[in-house]
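Engineer: give me a model of this one.
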Amino acid sequence: MDDEDLRALASLQDFGRVSLPIHMRRCRSLLPPSEEEEAAAEHNKGTKSIKRKQVQSLVDLCLRFVTKHFESVYMDRILSFPEAEAALIASMPSNLLHRMVVNLVKDSKRAKTKNRESRATIETLESTLQGARRDVAQLESARDWAAISRARMAEQQHVSDRLQRELDTIQTALSSTEVENQHLRAKAERAEKQLLRLEAKINSLKAEKVVLKKASTEAHRREMKLSSELLSAQKARLALSVQLGRSIRSRRQSARSGHLQGDAQLSDPSSIGGSSSHEFSENTTSSNAFTQQRHSVTCHKRPRAEGSNIPYPPSMRMEDQH
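Structural biologist: As a prediction, the model looks like this:
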C-alpha cells in the first residue's frame with residue numbers, strides 16, 4: 001500500500017461509522033487533487049469567468065417585466081378598458097414606449113418568423129408524415145407481400161419436395177432401366193454372337209448342301225448310267241434267253257422227230273417188250289426235264305431303292321406280274 005492509501009485509511013477510521021458518500025467526500029477533500037482534477041478545475045474556472053452575467057439596467061428590467069406580462073395582462077386590459085390603459089400608456093416615458101414598440105415589432109417579426117418556421121416545420125412534418133404513411137403503406141404491402149411470398153414459398157417448397165420425390169423415383173427407375181438395358185445389351189450381344197455362329201453354321205450347311213447336291217447329282221448320273229447299263233444287260237439277257245429257248249425248242253423238236261422214228265422201227269411188239277418201251281419213255285422225259293432245267297435263265301427281282309424315280313424296264317415289269 002502507498003502512503004496515500006494509508007492516509008485515506010486513517011482518515012476513514014477517524015470519521016467513524018458515517019455513510020460512505022460522506023466518507024468519500026471527506027477523503028477526497030483531505031487528499032491532494034490529482035493532475036487531471038487540477039486541469040478540470042482550471043478549465044471550469046475559465047468557463048465560469050467567461051460566462052459571467054452582465055448587470056442589466058433598470059430600464060431593461062422594467063421593459064423585460066412589462067413585455068413579459070404585456071400580452072397576458074396589458075393587451076387584455078387595453079382591449080377591455082382602452083381609455084384607462086391609454087392614460088397609463090400616456091403616462092409612460094417616451095423612451096420606454098419606443099423600446100416597447102420596438103420590442104413588440106421584434107416580437108411580431110420573431111412570431112411571424114416562428115410562424116413561418118412552424119408552418120414550414122408543419123409542412124415538413126406533414127410531408128414527412130405522408131412519407132411515413134406511404135412508408136407504412138409500403139411496409140404493410142411489403143408485409144402482405146412477405147406473407148404471400150411465404151405462402152408461395154411454402155407452396156413452392158411443397159411442390160419442390162414433391163418434384164424431388166418424383167425425381168428420386170425417376171432416377172431409381174432410370175437406374176433400374178439402365179441395369180435392365182445393360183442386361184438386354186448383354187443378351188443382344190450374346191444373341192448376336194449366337195446369330196453369327198448360326199449364320200456360320202448355315203453357311204457351312206449351305207456349303208455341305210452344295211457338296212451333297214453335287215454328290216447327289218453325280219450319284220444320280222451314275223445311277224442313270226448304271227440303270228442304262230442294267231437295261232442293256234437285261235436286253236442282252238432276254239435276247240440270250242430267247243435264243244436259248246429257240247435252241248431248246250429246236251432240239252426238242254429234233255429229239256421228238258428222232259423218237260418218233262425210233263418208235264416206228266420198234267413198233268413190232270414181238271421183238272420189243274412192253275416194259276422196255278415204258279422205261280425208254282421215262283428216260284426220255286427225265287432227260288428233257290434236265291435239259292430244260294439246265295438251259296433255263298434264273299431272274300432275280302431287283303430291289304427298288306427308296307426315293308428313286310427310275311422306272312423298271314418292261315421285261316422286269318412282266319416278271320413282276322408273273
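
Engineer: how close does Asp168 get to Glu117?
Structural biologist: From Asp168 across to Glu117, the span is 70 Å (Cβ to Cβ, to the nearest Å). All C-beta atoms are positioned from the backbone trio N, CA, C, and that covers glycine.

Engineer: ditto for Ala215
Structural biologist: 133 Å.

Engineer: how about Ser160?
Structural biologist: 59 Å.

Engineer: Val242 now?
Structural biologist: Noted for Val242: a distance of 169 Å to Glu117, by Cβ to Cβ.

Engineer: swap in Leu195?
Structural biologist: Counting by Cβ to Cβ, the gap from Leu195 to Glu117 is 104 Å.

Engineer: equivalent analysis for Ala146, please.
Structural biologist: As judged by Cβ to Cβ, Ala146 and Glu117 stand 40 Å apart.

Engineer: output the contacting helices and strands for the helix or strand hosting Glu155.
Structural biologist: Here Glu155 sits within helix 94-265, counting by DSSP states H and E. Using 3 or more Cβ pairs under 8 Å, 6 or more residues apart in numbering; DSSP states H and E, the elements in contact with helix 94-265 are helix 58-68, helix 274-295, helix 314-321.

Engineer: got the domain ranges for this structure?
Structural biologist: Residue ranges for the domains of the chain, per automatic domain parsing: 1-32, 58-92.

Engineer: neighbours of Val210, how many?
Structural biologist: By the measure other Cβ atoms under 10 Å, the count of residues near Val210 is 10.

Engineer: ok, now the one 5 residues further on?
Structural biologist: Counted with other Cβ under 10 Å, residues neighbouring Ala215 total 11.

Engineer: do the same with Leu198
Structural biologist: For Leu198, the count of nearby residues is 12 (other Cβ under 10 Å).

Engineer: ok, the one 5 residues further on next?
Structural biologist: Asn203 sits with 10 neighbouring residues when counted by other Cβ under 10 Å.

Engineer: next one: Leu231
Structural biologist: Counted with other Cβ under 10 Å, residues neighbouring Leu231 total 16.

Engineer: how close does it sit to Met224?
Structural biologist: According to Cβ to Cβ, Leu231 stands 10 Å off from Met224.

Engineer: what's the answer for Ser149, then?
Structural biologist: For Ser149 relative to Met224 (Cβ to Cβ), the value is 102 Å.
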